[in-house]
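Asks: predicted model, plus sequence, below.
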Amino acid sequence: MDALKERKCVPCEGGVRPHDAKSAGGMMKLLHADWRLVEDGRAIRRDLKFPDFWRTMSFVNALAHVANVEDHHPDLEIGYNYCRIRYSTHAIGGLSDNDFICAAKADALA
C-alpha cells in the first residue's frame, strides 16, 4: 500500500485500456479492505464513518486537496458523520492506475 500512495497520477484523456477484472482484483489487494469493486468492475468505492461533522469535513477537505494536487477527482457523498468515496476514470469508462493511487492516498488520510 505504501508504494502505491507514493506514486503520482498521470494525465488520462483516453486511449488507455481500463483495468480488467483480474488486474483490478490485484490492485484491490494494495488498498484497505473496505474498498469494493462496484459497477461491474468499472469503479471502486469505500464508505467511511466519522464521530462528527467536523472530522468528516476535515477528511473531505484533505481529500479535496489530494484530488487537486493529483488532478484526479472522486465522486463524494457526504453527510454529518460519513463520506462515501467513488473512483473511476471517466475518460476510459473504467478503472485506471490513477484511481488506485488516489484510493491509497485516501486510505493514508483516513
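Replies: Okay, I see it.
Asks: just the CA atoms of the helix or strand where residue 5 lies, as PDB, please.
Replies: For residue 5, the host element (DSSP states H and E) is helix 2-6. What follows is helix 2-6 as a C-alpha-only set of coordinates in PDB (Å, rounded to 0.1, in the frame of the first residue of the first chain):
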ATOM      1  CA  ASP A   2       2.800   2.400   0.800                       C
ATOM      2  CA  ALA A   3       4.400   2.200  -2.700                       C
ATOM      3  CA  LEU A   4       1.000   2.900  -4.300                       C
ATOM      4  CA  LYS A   5       0.300   6.000  -2.300                       C
ATOM      5  CA  GLU A   6       3.800   7.400  -3.200                       C
END
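Asks: tell me what the next helix-or-strand element following that helix is packed against?
Replies: Using DSSP H and E, the helix or strand that follows helix 2-6 towards the C-terminus is helix 21-28. Judged by 3 or more CB pairs under 8 Å, 6 or more residues apart in numbering; DSSP states H and E, helix 21-28 is in contact with strand 36-38. All C-beta atoms are positioned from the backbone trio N, CA, C, and that covers glycine.
Asks: pLDDT of the strand it packs on, averaged?
Replies: Strand 36-38 comes out with an average pLDDT of 97.
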